[in-house]
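*Asks:* below are the sequence and a predicted model for it; my questions follow.
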Amino acid sequence: MAHSFAGLAGEFPDVIAEIFELTSTDPEFRRLAEEFEDVTHALAEAESSIEDDAFSNREALQARRDELRETLCAILCDMTGDAQWCDQVPLESPARRSRRSAA
């Protein structure tokens, strides 16, 4: 599936250029961004469903979307150093890591 990353750009409008740079240069970021787009799309479909099992599916999708968003915020924090993204990653989060020190 081709990804436009429109949902990701909408979620992080201040760093659109960085998102497109990372999706073209960082395979792990691209994988996470694609999954974020897929989960966001699936969540939108689940939210419009009238099926009985849609509620539990929405909860699981929302939890995964939140995890992905936290990880993406951590990567954007490492790339930009901007507190806007850094502050959205709890200190105890497994997503908090320094990619710069590994480079």
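*Replies:* Done, it's in. Note that the structure is predicted; figures quoted are calculated from it, not measured.
*Asks:* check which residues of the helix ranked longest in the chain are buried.
*Replies:* Criterion DSSP state H: the longest helix present in the chain is helix 54-80. Of the residues in helix 54-80, 57-58, 61, 64-65, 67-79 count as buried by neighbour count, 16 or more other C-beta atoms under 10 Å. Yep, even glycine has a C-beta here, placed from its N, CA and C like the rest.
*Asks:* just the buried residues of the helix or strand that comes right after it, please?
*Replies:* With elements assigned by DSSP states H and E, the helix or strand that comes after helix 54-80 is helix 83-86. The neighbour-count check on helix 83-86 (16+ other C-beta under 10 Å) flags residue 85 as buried.
*Asks:* spatially central residue in this protein, please.
*Replies:* Compute the mean C-alpha point of the chain, and by C-alpha atoms, centre = their mean the closest residue is residue 69, 3.4 Å away.
*Asks:* what's the pLDDT at that residue?
*Replies:* The per-residue pLDDT reported for residue 69 equals 91.
*Asks:* what does the one 3 residues further on give?
*Replies:* We have a pLDDT of 91 for residue 72.
*Asks:* residue contacts, it?
*Replies:* Under the criterion of C-beta atoms under 8 Å, 6 or more residues apart in numbering, the contact partners of residue 72 comprise 8, 12, 29, 32, 33, 36.
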